[in-house]
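Peer 1: Fold the following for me, if possible:
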Amino acid sequence: MRWLSNVRLPACPGLWRLALDGDGRIANLEPLPEGTVASGDDWGGDWLSPGGVDLQINGGLGLAFPELQAGDLPTLLELLELLWRDGVEAIAPTLVTCGVPELRQALAVLRQARTEHRQGRCRLLGAHLEGPFLAPARRGAHPSQHLAAPSLAALEQRIGGFEGEIALVTLAPELPGAEAVIAELRRQNILVSLGHSEANQDQATQAFEQGVGMLTHAFNAMPGLHHRSPGPIAAAALQGTVALGLIADGVHVAPAMAVLLQRLAPEQVVLVSDALAPYGLADGVHRWDERALIVENGSCRLEDGTLAGVTLPLLEAVCRLARWSGDADGAIAAATVLPRRVLGQASACSVQLRGLPLRDTLRWSGTAERLHWRRAA
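Peer 2: I've put the predicted structure just below:
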C-alpha cells in the first residue's frame with residue numbers, strides 16, 4: 001500500500017489519509033484526527049477530486065453536437081481527448097433545439113461514439129436535450145422554427161429508440177402539455193430541468209413537485225431574483241435539492257450574483273461550461289448552423305448580440321468562481337462532486353473516489369485567488 005496524507009476532499013471537512021493499492025487505485029480513505037501526524041506522501045492540504053462532469057456542453061473543435069454526421073466521428077473522438085486533457089471525465093452532450101431528423105442523426109452518432117470509449121477520452125453520458133419544449137419569449141439563441149409544444153407524441157418522435165441514451169431534458173414546465181412530458185421522462189429515469197422558461201415561483205414549485213430536478217443555466221433565459229417576484233431561482237433554493245446549473249464565465253452571470261447563488265445554496269450549485277462548437281479553437285467568427293457566431297475572450301454571441309455560450313473549459317469556471325468567492329473547496333465541488341450527485345451517485349466525495357485510479361483524479365493546489373489543477377498521478 002502507498003499512502004497519501006494531509007489531503008483535502010471537496011465538500012468533506014478536515015484532512016484525510018488515502019491508501020492506494022498495487023494498481024494505483026484508491027483503496028481506502030479515512031479522516032485524520034486534528035493534530036495527527038500520519039506517514040505517507042504529504043500533500044500539504046492540496047485537494048483531491050474526481051474529474052469534472054459537464055452537464056451542458058454543446059460541442060467543440062468546430063463540431064456542434066446537433067449537427068453531427070457519421071463522418072464527424074474522428075473529430076468527435078479528438079474532442080473527447082481534448083476534454084480529458086482539460087480535466088473533464090464525462091459530459092452530457094447537449095443538443096439544442098433543431099430539426100427532428102438532425103436530432104436523431106446526432107443521437108445515432110453519439111451512440112456509435114460511446115462504443116469507442118477508452119482511457120484518455122472523456123466519457124459520453126446520455127445526451128442533454130435543451131429543447132424543443134421551450135417558452136418562445138425565452139428561447140434566446142434557439143431557432144424559433146424548431147420549437148415545439150410539449151406532447152408525448154412530440155417526445156416520442158424525437159427520442160423513440162434512444163430513451164436509454166438521454167440523461168437530461170430542459171423544458172419550460174409552465175407550457176400546456178409539459179406535465180405529461182415530465183411524468184414520462186421521470187418514468188424513464190431521465191432528469192428534467194427547468195430552462196428557457198417564463199415560470200414564476202408557484203409554477204416552478206409545482207414543477208419541482210412533479211419531479212423537475214434542476215435549473216438550466218440559472219438566471220439566464222428565465223425570470224431572475226426579484227424582491228416582489230422571486231421566480232424559479234428562489235423556488236429552487238427554498239426547495240433545497242434542485243440543482244442550480246451555473247455558467248461562471250463572469251458574462252452570463254455577474255460574479256457577485258454567482259457568489260450570492262452559491263452562498264444561498266452551496267450544496268445545489270453545479271457548474272456547467274455551456275461551451276459551443278468553437279471550444280478548442282481561436283477567437284474570431286465561426287459558423288453555428290446557418291448563423292455566424294462571434295467569439296471574443298471566450299464569449300460567443302450571434303451577430304445581433306444575443307449571448308449564445310462560451311468557449312471556456314469547465315475547470316476555468318472553477319478557478320473563476322473560487323477567485324470571486326474565496327471558497328476554493330465549494331468551487332471544486334461544484335464541477336466534480338455535485339454533478340455526480342445530480343446523476344444519482346453517492347453524495348460524499350470520499351465515496352465517489354473509492355476504487356478510482358489515482359491517475360484519473362485531479363489534484364488542486366494553491367489558494368482561492370490562485371487555484372490550479374493537474375492530474376494527481
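Peer 1: Convert the lengthiest helix in the chain to CSV, retaining C-alpha atoms only.
Peer 2: For the chain, the helix with the greatest residue count under DSSP state H is helix 100-114. In CSV, the C-alpha atoms belonging to helix 100-114 read as follows (Å, rounded to 0.1, in the frame of the first residue of the first chain):
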residue,chain,number,x,y,z
VAL,A,100,-36.2,16.1,-35.8
PRO,A,101,-34.0,14.4,-38.5
GLU,A,102,-30.9,16.2,-37.3
LEU,A,103,-31.6,15.4,-33.7
ARG,A,104,-32.0,11.7,-34.4
GLN,A,105,-28.9,11.6,-36.6
ALA,A,106,-26.9,13.3,-33.8
LEU,A,107,-28.1,10.7,-31.3
ALA,A,108,-27.1,7.9,-33.6
VAL,A,109,-23.6,9.3,-33.9
LEU,A,110,-23.3,9.7,-30.2
ARG,A,111,-24.4,6.1,-29.8
GLN,A,112,-21.6,5.0,-32.0
ALA,A,113,-19.0,7.2,-30.2
ARG,A,114,-19.9,5.6,-26.9
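Peer 1: Domain map for this structure?
Peer 2: 2-49+351-375, 52-347 (automatic domain parsing).
Peer 1: As CSV, the ones you listed with mean pLDDT and mean neighbour count would be great.
Peer 2: Just so you know, the C-beta spots here come from the backbone N, C-alpha and C atoms, and that holds for glycine as well. What follows is the domains of the chain, written out as CSV (pLDDT from 0 to 100; neighbours: other Cβ atoms under 10 Å):
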stretch, mean pLDDT, mean neighbour count
domain 2-49+351-375, 93, 16
domain 52-347, 95, 20
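Peer 1: hey, where'd the helices end up in this protein?
Peer 2: 73-85, 100-114, 152-159, 178-187, 201-210, 231-239, 255-264, 314-325, 328-336, 338-342, 349-353.
Peer 1: Give me the distance between residue 13 and residue 350.
Peer 2: 11 Å (Cβ to Cβ, to the nearest Å).
Peer 1: do residue 228 as well
Peer 2: 43 Å.
Peer 1: same thing with residue 71?
Peer 2: Taken as Cβ to Cβ, the span from residue 71 to residue 350 is 44 Å.
Peer 1: With adjacent residues omitted, what lies nearest to residue 315?
Peer 2: residue 87 (4.6 Å; Cβ to Cβ, 6 or more residues apart in numbering).
Peer 1: same question, residue 109
Peer 2: The shortest distance from residue 109 to any non-neighbouring residue, by Cβ to Cβ, 6+ apart, is to residue 68 (4.1 Å).
Peer 1: Next, give phi and psi for the residue nearest to residue 315.
Peer 2: The phi/psi pair for residue 87 (degrees, to the nearest 10) reads phi 90, psi 10.
Peer 1: Now do the contacts for the closest residue to residue 267 other than its chain neighbours.
Peer 2: Spatial nearest neighbour of residue 267, excluding adjacent residues (Cβ to Cβ, 6+ apart): residue 338 at 7.1 Å. Going by Cβ atoms under 8 Å, 6 or more residues apart in numbering, residue 338 touches 11, 243, 267-270.
Peer 1: Identify the residues contacting residue 144.
Peer 2: residue 136.
Peer 1: Okay, it and residue 57: tell me how far apart.
Peer 2: Taking Cβ to Cβ as the measure, residue 144 falls 23 Å from residue 57.
Peer 1: was I right about residue 89 contacting residue 80?
Peer 2: No: with contact defined as Cβ atoms under 8 Å, residue 89 does not reach residue 80; the gap is 10.6 Å.
Peer 1: Spit out the residues that contact the two alike.
Peer 2: Counting by Cβ under 8 Å, 6+ apart, the residues touching both residue 89 and residue 80 are 122-123.
Peer 1: you'd agree residue 199 is up against residue 174?
Peer 2: Yes: with contact defined as Cβ under 8 Å, residue 199 reaches residue 174; the gap is 4.5 Å.
Peer 1: on that earlier part again, wait, what's in contact with the residue nearest to residue 315?
Peer 2: Applying Cβ under 8 Å, 6+ apart, the residues near residue 87 are 51-52, 313-315, 362, 373, 375.
Peer 1: returning to what we had before: return every residue with contacts to both of residue 199 and residue 174.
Peer 2: With Cβ under 8 Å, 6+ apart as the test, residue 199 and residue 174 both reach residue 207.
Peer 1: circling back: distance to residue 333 added to the contacts of residue 338, as TSV?
Peer 2: Formatted as TSV, the contacts of residue 338 follow (distance: Cβ to Cβ, whole Å):
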residue	distance to residue 333
11	4
243	12
267	9
268	11
269	9
270	9
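Peer 1: For residue 268, give its distance to residue 212.
Peer 2: 13 Å.
Peer 1: okay, and the common contacts of those two?
Peer 2: residue 242.
Peer 1: Kindly export stretch 139-148 (C-alpha atoms) in PDB.
Peer 2: Extracted in PDB, the C-alpha atoms of stretch 139-148 (Å, rounded to 0.1, in the frame of the first residue of the first chain):
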ATOM      1  CA  ARG A 139     -35.700  31.000 -26.400                       C
ATOM      2  CA  GLY A 140     -32.500  33.000 -26.500                       C
ATOM      3  CA  ALA A 141     -30.400  31.700 -29.400                       C
ATOM      4  CA  HIS A 142     -32.600  28.600 -30.000                       C
ATOM      5  CA  PRO A 143     -34.100  28.800 -33.600                       C
ATOM      6  CA  SER A 144     -37.800  29.600 -33.300                       C
ATOM      7  CA  GLN A 145     -38.800  27.400 -36.300                       C
ATOM      8  CA  HIS A 146     -37.800  24.200 -34.400                       C
ATOM      9  CA  LEU A 147     -39.600  25.000 -31.100                       C
ATOM     10  CA  ALA A 148     -42.500  22.600 -30.400                       C
END
